[in-house]
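S.K.: Test case, fold it:
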Amino acid sequence: MSRVSELQYVVPSECSKAGKHSSGFRVGRVFLLCSALLLPTTALAAAWTITPELNLRSGYDDNLRLTAEGVQNNVERKGNGGFETNASVAMEIATLTAISELRARGRFDFISYTQEQEEQLSNEDNQYVDVAGRYELTPINEVGASFSLERKYTGTDDGRDFFDSLSEADLENDGDENLTNVDTDSGVTREQVRRERLRAQPYWSVGLTQNTRLRLQYNYDDTAYGSGTLDARLIDFTRQRASVRLEHKLTETSQVFASFEGGTFEPDVGRENDELAVRFGYRYNVSPISVVGFNVGARQISFDKVAATDDDKDEGAIVRIFGEHRGELTRYTASVGRTVTPSGSGALVESDILQFDFIRSLSPRFEFRFESEYFGNSAVSNSVDERGDRDKVRFSPMLRWNWTPEWAINLIYEYEWEERSINKDDITGDTLDADSNGIFVSIVYRKDNEIGQKN
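M.R.: Okay, the predicted model is just below:
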């Protein structure tokens, strides 16, 4: 595999994913800002890698929408089993020079359902675009940005990694931003509602001394929902955050950081929120292929009061502990933490998140993979809608046969479990939970094509 194809997002893919309730002019400004920061990388590129991807996946799931069984609103609800077929095509372009790098990826998914029940699910189509890059202004001064646009349905579970690849956390990146690839808002409603999300994240990093760096960063998230929004009680929102972070290298293998963050969360209907947070972190490279670390801090969220009895402030802790190992035969990543994430219910929620992913090569052509995640959401204020409060578990073992360097065949099992605060049985009053089991077979194609001279 080429050096270019092994590149990771230098900036977390947060310049990413889209909403349209903001004006086209505002979205255009964000796009132009990201594009301007990334243009120098294309001009100086010495080589390109173009990677087409294809994934065909089909199988049976005994509860496609993870519906809880019980009596609600005088209607008996049961799991909705059936066959699910996914077809996905993608194209990735990447380039690297001594002072710059750029990665762009577009993906289109089409999902169809064949069900046993009379209530049928509609077919879905989802689109994703991600662009990220960096450029060195001087040997100690760097700018970068990422941009992402996403159009998907709220019922689609992004936990299912369509290209069967684990999250490629970069060992050179700090991995301490309390960021996660778990979408804690996916499936917040079982209605088939289009979600459009725009995310943008420009940054500037400058070296103050040989071992100390200052990083300024801005995060923008604009999310909107399409037809069916009122019935599903979903609320468009915008979230903006800015951070100042000071990093110091203690030794060749360890470093610490301190950061101060502030921002706003503005749902179109509901109380606006002001966010403040301070964090401290440490990371240690156990070896060239292994890293561990943690970060801890405190956050405060202030609300607009609607009634005299409402809370106007909520405080809590934020924490993340992480580790990663990339051996020749075995790879794994693990993290556990607490952070604050936005929800389509119109509220910020406190999320406890646990992830563990594992790969083990069994032979030159066979490998075993295991992906798992848990999140527990609870609203940060007791006076907001509790529809976002829930606990969810997902795990998926997979056996992969690398038929050729480009083609692979996967046998996949997936299990999901969820419990929601609002799901109560009308007769017993008990909180209802839901689970699902799925077995899938997928055929994956991916080929790196290098164009131009290598560095």
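S.K.: Gly316: how many residues sit nearby?
M.R.: 14 (other C-beta atoms under 10 Å). For every residue, glycine as well, the C-beta is placed using N, CA and C.
S.K.: Next up, the contacts around Asp304.
M.R.: Asp304 makes contacts with Arg271, Glu272, Asp312, as judged by C-beta atoms under 8 Å, 6 or more residues apart in numbering.
S.K.: Could you pull out the buried residues of the top strand by length along the chain?
M.R.: Assignment by DSSP state E gives strand 407-424 as the longest strand of the chain. For strand 407-424, burial by neighbour count (16 or more other C-beta atoms under 10 Å) applies to Ala408, Asn410, Ile412, Glu414, Glu416, Glu418, Glu419, Arg420, Asn423, Lys424.
S.K.: Repeat that for stretch 390-408.
M.R.: Here stretch 390-408 shows Arg390, Asp391, Lys392, Val393, Arg394, Phe395, Ser396, Met398, Arg400, Asn402, Ala408 as buried, counting by 16+ other C-beta under 10 Å.
S.K.: Tell me which two in those are the farthest apart.
M.R.: Pairwise distances across the buried residues of stretch 390-408 peak at 37.0 Å for Arg390 and Asn402 (criterion: C-beta to C-beta).
S.K.: before we move on, the earlier item: in strands only, show me the buried residues of stretch 390-408.
M.R.: Short answer: the buried residues of stretch 390-408 in strands (DSSP E) are Arg390, Asp391, Lys392, Val393, Arg394, Phe395, Ser396, Met398, Arg400, Ala408.
S.K.: can I get those residues in a markdown table with pLDDT?
M.R.: Output for those, formatted as a markdown table (pLDDT from 0 to 100):
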| residue | pLDDT |
| --- | --- |
| Arg390 | 86 |
| Asp391 | 91 |
| Lys392 | 92 |
| Val393 | 94 |
| Arg394 | 92 |
| Phe395 | 93 |
| Ser396 | 93 |
| Met398 | 94 |
| Arg400 | 95 |
| Ala408 | 95 |
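S.K.: quick one on the thing from earlier: just the contacts of Asp304 now: which is nearest Val206?
M.R.: Glu272 (32.6 Å).
S.K.: Number of residues surrounding the closest one?
M.R.: Quick note: Glu272 (other C-beta under 10 Å) scores 13 neighbours.
S.K.: Got phi/psi on it?
M.R.: phi -80, psi 150 (degrees, to the nearest 10).
S.K.: Enumerate every residue touching Asn126.
M.R.: Phe108, Asp109, Ile111, Glu150, Arg151, Lys152, Tyr153, Thr156.
S.K.: bridging residues for it?
M.R.: Residues in a beta bridge with Asn126, per DSSP bridges, are Asp109.
S.K.: just the one 10 residues further on next, same as before
M.R.: Note on Glu136: beta-bridge partners Glu142, judged by DSSP bridges.
S.K.: now Arg299
M.R.: Ala277, Gly316.
S.K.: can you pull out the helices in this protein?
M.R.: 24-44, 229-232 (DSSP state H).
S.K.: Comparing these by mean pLDDT, which bottoms out?
M.R.: Among the helices of the chain, helix 24-44 has the lowest mean pLDDT, at a mean of 47.
S.K.: circling back to that earlier point, looking at the ones in strands among the buried residues of stretch 390-408, which is nearest Leu102?
M.R.: Closest to Leu102, out of all of these and judged by C-beta to C-beta, is Ala408, at 26.8 Å.
S.K.: who touches the closest one in this structure?
M.R.: Asp164, Arg400, Trp401, Asn402, Ile443, Val444, Arg446.
S.K.: one more time with 7 Å, if that's ok
M.R.: Arg400, Trp401, Asn402, Val444 (C-beta atoms under 7 Å, 6 or more residues apart in numbering).
S.K.: what do you get for Gln240?
M.R.: The neighbours of Gln240, taking C-beta under 7 Å, 6+ apart as the test, are Asn219, Tyr220, Gly263, Thr264.
S.K.: Among these, which are located in strands?
M.R.: Asn219, Tyr220, Gly263, Thr264.
S.K.: Redo the residues you listed as JSON lines? Include distance to Val349.
M.R.: Output for these, formatted as JSON lines (distance: C-beta to C-beta, whole Å):
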{"residue": "Asn219", "distance to Val349": "17"}
{"residue": "Tyr220", "distance to Val349": "20"}
{"residue": "Gly263", "distance to Val349": "16"}
{"residue": "Thr264", "distance to Val349": "16"}
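S.K.: Would you confirm that Leu137 contacts Val143?
M.R.: Yes - Leu137 is within contact range of Val143, at 6.3 Å (criterion: C-beta atoms under 7 Å).
S.K.: Looking at these two, which is more packed in?
M.R.: Between Leu137 and Val143, Val143 has the larger neighbour count (other C-beta under 10 Å), namely 20 against 13.
S.K.: Just list whatever residues bridge to Arg331.
M.R.: Arg326, Ile359.
S.K.: Go ahead and confirm it touches Asp357.
M.R.: No - using C-beta under 7 Å, Arg331 makes no contact with Asp357, being 8.2 Å away.
S.K.: Out of the ones in strands among the contacts of Gln240, flag the one nearest to Glu252.
M.R.: Asn219 (30.4 Å).
S.K.: That closest one against Arg241, yeah?
M.R.: Yes - the pair Asn219 and Arg241 qualifies as a contact (C-beta under 7 Å) at a distance of 4.4 Å.
S.K.: Just want to know which of the two has more residues nearby.
M.R.: Ranked by neighbour count (other C-beta under 10 Å), Asn219 and Arg241 place Asn219 first, with 23 against 18.
S.K.: If Arg446 is in a bridge, with which residues?
M.R.: Glu53.
S.K.: Tell me who's in contact with it.
M.R.: By C-beta under 7 Å, 6+ apart, the neighbours of Arg446 are Thr51, Glu53, Glu406.
S.K.: One more: Phe358?
M.R.: Phe358 neighbours (C-beta under 7 Å, 6+ apart): Tyr332, Arg369, Phe370.
S.K.: Could you let me know which of those ends up closest to Ala94?
M.R.: So of the contacts of Phe358, ranked by how close each gets to Ala94 (C-beta to C-beta), first place is Arg369, at 23.2 Å.
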